[in-house]
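*Asks:* sequence? don't have it. structure:
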């Protein structure tokens, strides 16, 4: 857990593999794909929205007899470039995986809610009703919360340190969507929401 990087869409290498819709909630359709590309086994869970997208990916590759695995969230799109001009809320989905333990690598999915307050230019993010999709049960951590996250004038937000942090931004006209990545309570994940 704990590394952050910014990349351009043109830097991503894509693989044309079968993708399966696993459900729609809050108007967002989650897609699932798994396969092998360039000697790397991977799984991807995520969604494209109108102005942004978010995903969670796991990878596993063996290099010179050493097995290397990674788990990371991704989020991005057409950044609005400004903070909201009034109080606002966004609802959507969170996805991720436990970073350690016997459920590591299992797919998690829950609800996401962001509440922005203009008076102090901060937001609260709550990820709740977290379920383990692979084990078909409630996850041991049923909710995660970040409070008083500062929002910049560019419409981005971030707070926290490795193991307990959130980073994201507002996308599309009038901050129509908010997406980002997070890690807390042994969960590494991503989220996508739409303005209410």
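*Replies:* Thanks, I have the structure now. Predicted model, so just to flag it, every value in this text is computed and none were measured.
*Asks:* which residues sit against the strand or helix carrying residue 54?
*Replies:* Per DSSP states H and E, residue 54 falls inside strand 52-63. The contact list for strand 52-63, computed with Cβ atoms under 8 Å, 6 or more residues apart in numbering, reads 39-47, 67-78, 95-97, 105, 107, 171-172, 177, 179-181, 188-192. Backbone N, C-alpha and C define where each C-beta goes, glycine included.
*Asks:* stretch 149-156 too?
*Replies:* Outside stretch 149-156, the residues within contact range by Cβ under 8 Å, 6+ apart are 79-84, 116, 121-125, 157-159, 166-170, 175.
*Asks:* with stretch 109-126 instead?
*Replies:* Applying Cβ under 8 Å, 6+ apart, the contact partners of stretch 109-126 are 25-26, 30, 45, 83-95, 127-131, 133, 139, 143-151, 157, 166, 178, 182, 191-193.
*Asks:* now, of those residues, which are buried?
*Replies:* Buried members of the contacts of stretch 109-126, counted by 16 or more other Cβ atoms under 10 Å: 30, 45, 83-84, 88, 90-95, 127, 130-131, 133, 139, 144, 146, 149, 151, 157, 166, 178, 182, 191-193.
*Asks:* any idea of the mean pLDDT in stretch 64-82?
*Replies:* Stretch 64-82 shows a mean pLDDT of 89.
*Asks:* can you list the strands that the helix or strand hosting residue 111 pairs with?
*Replies:* Here residue 111, judged by DSSP H and E, is contained in strand 108-117. Partner strands and pairing direction for strand 108-117 (DSSP bridges) are strand 88-98 (antiparallel), strand 122-132 (antiparallel).
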